[in-house]
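Asker: One predicted model, sequence on top.
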Amino acid sequence: MIAARILVSEVGPRDGLQSISSIMPTAAKLAWITAEAAAGVREIEVGSFVPATLLPQLADTDQVVRAARLIPGLTVAVLVPNLQGAQAAIAAGAHKITLPLSVSETHSLRNLRRTHAQVIAEARAIAQLIRSLPAGQRPHFEGSLSTVFGCTLEGPIAEDQIARLADALMAAGCDEVGLADTSGYADPAAVRRLIRLVRGVVGEGALTGIHLHNTRGLGLANALAAIEAGITTLDSSMGGLGGCPFAPGASGNLVTEDLCFMLAAMGVETGIDLPELLEVRKLIAAGLPGEALYGFTALAGLPLGFQSTGRADGAGRSGGNGQADGTKRADGTKRADSTGPSDGIGQLDGTGRADGPGKAA
């Protein structure tokens, strides 16, 4: 049964920006985050605490976290690769910390340069650090099971290994685990199966979120399968920015705009105003000149008479940027036709480097 309310967690400022060569100015990042929060997005992953020499795109994460914390009602999330990253995240005031554990050990060594046992030890140290804080200052701690639907380096991952690592993360002190389709291998049947598998180990309340890619055009189908299986938090990225540069061939995150349109059309509450969300694309396009943004909703516009039900008060609007009869995309660029890109995902090839500093997806 689908929950009455779904949390859409924006990951573009981290997962999107880490995957492109352009460096978005700090002021542009904050304008993006502020505008998306104003549109009703309540959780945004704003960066990653990794060395600036490895990911210069995210070198300003500390500054971005401190500024984003001032936005009322926003949960400020970050990714950390280790205890040192967690210490920096806590010092900056992050509300949520995610530690990636790739269930593919080959990918773990490529991404974090650590074995499974070493990542579990990091999780244990982070949990101990969090427990040492006053109760009101403790961030939520998630362990992300990356490459859980398959790995471009190892192929399918044995389900008993997935179950064992999920259990190990919880035993180490994580508040919850998440599933991440790092390589874009998921399909709806696999989504349902792995949710059942992992919840059978950690319990229903300890698996609420999933991170999906749109590599083969199955992003929305997989999201629907996930919420039908009881998932209540969906990661997505504005304009479909992102992918994992250290999982060769992975591309394209689930498009936030398309996900929110699907949920609104289904009558599922998200708290997000769609016309306002589509306006955010203009800020992203201005901050990333030359970078392509993807997604069908921004291209086609909202249907004539469409009423967004995302807001809790039901006061969504039709029209605005993205009207059904409009001739421009929501980012302000002229639309060539009403059909959108032929491939639907048109995202990075994700070939990346072999010396990765730690990506959740």
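Answerer: Now that the structure is in, tell me what you want to look at. Residues are numbered from 1 along each chain as shown.

Asker: Strands along the stretch 101-250 of the chain, start to end?
Answerer: For the stretch 101-250 of the chain, the strands defined by DSSP state E, counting those that start in this stretch occupy 140-146, 176-180, 209-211, 233-236.

Asker: of all those strands, which lies closest to E43?
Answerer: Smallest distance to E43 across the strands of the stretch 101-250 of the chain (C-beta to C-beta): 7.7 Å, for strand 233-236. Just so you know, the C-beta spots here come from the backbone N, C-alpha and C atoms, and that holds for glycine as well.

Asker: what's the distance between that closest one and the middle of its chain?
Answerer: In this view, strand 233-236 has its centroid 6 Å away from the chain centroid, taken as C-alpha atoms, centre = their mean, to the nearest Å.

Asker: just stretch 141-161 next, same as before
Answerer: 17 Å.

Asker: Dump it to PDB, restricted to CA.
Answerer: What follows is stretch 141-161, C-alpha atoms only, in PDB (Å, rounded to 0.1, in the frame of the first residue of the first chain):
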ATOM      1  CA  PHE A 141      22.900   8.200  10.500                       C
ATOM      2  CA  GLU A 142      22.100   6.100   7.400                       C
ATOM      3  CA  GLY A 143      24.200   3.300   5.900                       C
ATOM      4  CA  SER A 144      23.600   3.100   2.200                       C
ATOM      5  CA  LEU A 145      23.900  -0.300   0.500                       C
ATOM      6  CA  SER A 146      25.400   0.800  -2.800                       C
ATOM      7  CA  THR A 147      25.500  -1.400  -6.000                       C
ATOM      8  CA  VAL A 148      22.700  -3.400  -4.300                       C
ATOM      9  CA  PHE A 149      21.000  -4.200  -7.600                       C
ATOM     10  CA  GLY A 150      24.200  -5.200  -9.400                       C
ATOM     11  CA  CYS A 151      27.700  -3.800 -10.100                       C
ATOM     12  CA  THR A 152      29.300  -2.900 -13.400                       C
ATOM     13  CA  LEU A 153      32.500  -4.400 -12.000                       C
ATOM     14  CA  GLU A 154      31.200  -7.600 -10.400                       C
ATOM     15  CA  GLY A 155      27.800  -8.200 -11.900                       C
ATOM     16  CA  PRO A 156      24.900  -9.500  -9.700                       C
ATOM     17  CA  ILE A 157      25.600  -9.600  -5.900                       C
ATOM     18  CA  ALA A 158      24.500 -12.600  -3.900                       C
ATOM     19  CA  GLU A 159      21.500 -11.900  -1.800                       C
ATOM     20  CA  ASP A 160      23.000 -13.500   1.300                       C
ATOM     21  CA  GLN A 161      25.900 -11.000   1.100                       C
END
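
Asker: Can you list the buried residues in the helix or strand of the chain with the lowest mean pLDDT?
Answerer: One helix or strand of the chain scores below all others by mean pLDDT, DSSP states H and E: helix 105-111, with a mean of 88. The neighbour-count criterion (16 or more other C-beta atoms under 10 Å) identifies 105, 107-111 as the buried residues of helix 105-111.
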